[in-house]
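A.B. asks: based on what follows, work out the 3D shape:
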Amino acid sequence: MTERMGEPADRSRPLVGRVALVTGAASGIGRATGLRLAAESALVGCLDRDGNGARDVALAIQASGGTAVGLTADVTDAAAVAAAISELVERFGPVGILVNNAGIPGAGKFIDVAFDDWTRVLDVHVNGAFHVTQAVMPGMIAAGYGRVITIASESVWLGNTSVQYATAKAALLGFTRSLARQVAGFGVRVNAVAPGPVETPMLFDNSPDEIERERATVLIGRFLQPDEIASSVAFLAGPGGDAYVGQVISPNGGTVFPG
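C.D. replies: Now for the predicted structure:
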């Protein structure tokens, strides 16, 4: 039986030989995603502005028998991003899988939001994705293979977070869909994952009352776990994701039915 382009011969190791870069990898969804991709035999670059956190994830992957390196960069700094990616490529080879996960929360009612906070949130989510994706895209096009998976949020439909956060995540959906059209013909698949409320440090920045109100919106009766979001990312990164172009999948526990 002939294998499709990009599909591994060994389906028990679907990402063997692939180099993956995960941003915001030091904790939460990013950490879980790095661990999951490594478990499926990807060579993982764990990038975070918290260099110690990124290295800790890489060490955890190595302790589990995987291959990884910790990389330090703020995704809003194009030069730092380029340097980190150069280090990854030198160690493992061209990046074939990119997970744009780096992000920060926003706080406050819109009328009280300082412009600096507004721009910082958009800078990290949107400009950060631009810097990292543009840095790896030429290599993906040259290879005729690539996966770009961007972490969005249920807030793009519900508007249940700060205006700056919801705006940034909505912008990432436009980024995903437009880029997907431009590069699908080169073998590069661009998609997004829009999670519901996930048990991460960002969630617990809220007050106890806010956390309980959020929990009540989840039909399955509990918050999602980071590894559940990582499973969606791994699916899109693997052979099963080849038919997905410009799509948004939403593991949200029933908070919203996008359609």
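A.B. asks: what lies in contact with the longest helix seen in the chain?
C.D. replies: Using DSSP state H to define each element, the chain has its longest helix at helix 163-183. Applying Cβ atoms under 8 Å, 6 or more residues apart in numbering, the contact partners of helix 163-183 are 100, 103, 105-106, 110, 113, 117-118, 121-122, 124-126, 129-130, 133, 137, 140-141, 146, 148, 150-153, 155-156, 159-160, 189-192, 194, 245-246, 248. Any C-beta I mention is one placed from the backbone N, CA and C, and that applies to glycine too.
A.B. asks: please identify the buried residues of that helix?
C.D. replies: 163-173, 175-177, 179-180, 183 (16 or more other Cβ atoms under 10 Å).
A.B. asks: which helices and strands sit right next to whichever helix or strand comes after it?
C.D. replies: Counting by DSSP states H and E, the element after helix 163-183 in chain order, helix or strand, is strand 188-193. Secondary-structure packing of strand 188-193 (3 or more Cβ pairs under 8 Å, 6 or more residues apart in numbering; DSSP states H and E): helix 128-143, strand 146-151, helix 163-183, helix 226-237, strand 248-249.
A.B. asks: buried ones among the contacts of helix 163-183?
C.D. replies: 100, 103, 106, 113, 117-118, 121-122, 124-126, 129-130, 133, 137, 140-141, 146, 148, 150-153, 155-156, 160, 189-192, 194, 245-246, 248.
A.B. asks: in the protein, which residue is most central in space?
C.D. replies: Nearest to the mean C-alpha position of the chain, by Cα atoms, centre = their mean, lies residue 101 at 3.2 Å.
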